[in-house]
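[1] Sequence and predicted model, in that order:
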Amino acid sequence: MSAREKGRRIAVWGLTGLTLFLALGLCWAILDLWREGQALRQADPAAVIYSPEAVRTRARWLAPLLALWLAALAAALCLGKRKRRQSAAPRPGAPTAPAPEAKGLRRLRLVMLAAALALIVLGVLNGGLRDVLVKAVNLCTECIGLG
């Protein structure tokens, strides 16, 4: 096994571990926020439970973990398998070079990905994150019968 392949495996396993840890951290933060919200609701039924400040305090420690996760994702993508160059005479049955349509499709996918990321960032900056969080919490608590 080459050094590149070892590095790729380490990056993939690290990314897997960080993904699981990030998911558990998010679940813990949501449950903690819900528990505090239930205590506030018992004290005052009209209280604002899920404020941006409450979410920020729980998500503050997740920001460095998210940055680490993004770095591991970039490393795993950079160390990904590359296609080997074919010799001048291709073997019978060997795959051929991608068609020009496939290259255009790849560009379209990259443009769509960039547009999606830009719209997500604009939605977060516009305050849509709080709306989505409140709707998600309400849906989850109503669906499993907690609210």
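    Nice, thanks for sending it over.
[2] Leaving out sequence neighbours, find the closest residue to residue 18.
    residue 69 (4.6 Å; C-beta to C-beta, 6 or more residues apart in numbering). In short, each C-beta sits where N, CA and C put it, glycine included.
[3] Now tell me what touches stretch 48-64 from outside.
    22, 25-26, 29, 32-33, 36-37, 40-41, 130, 133-134, 137 (C-beta atoms under 8 Å, 6 or more residues apart in numbering).
[4] can you list the weak-confidence ranges in the chain?
    The chain contains residues with pLDDT under 70 at 80-101, 146-147.
[5] Could I get the full set of helices for it?
    Applying DSSP state H to the chain gives helices spanning 3-43, 52-59, 62-78, 100-125, 128-143.
[6] still on that earlier bit, the residue nearest to residue 18 is in contact with residue 19, isn't it?
    Yes: if you go by C-beta atoms under 8 Å, residue 69 and residue 19 touch, sitting 6.7 Å apart.
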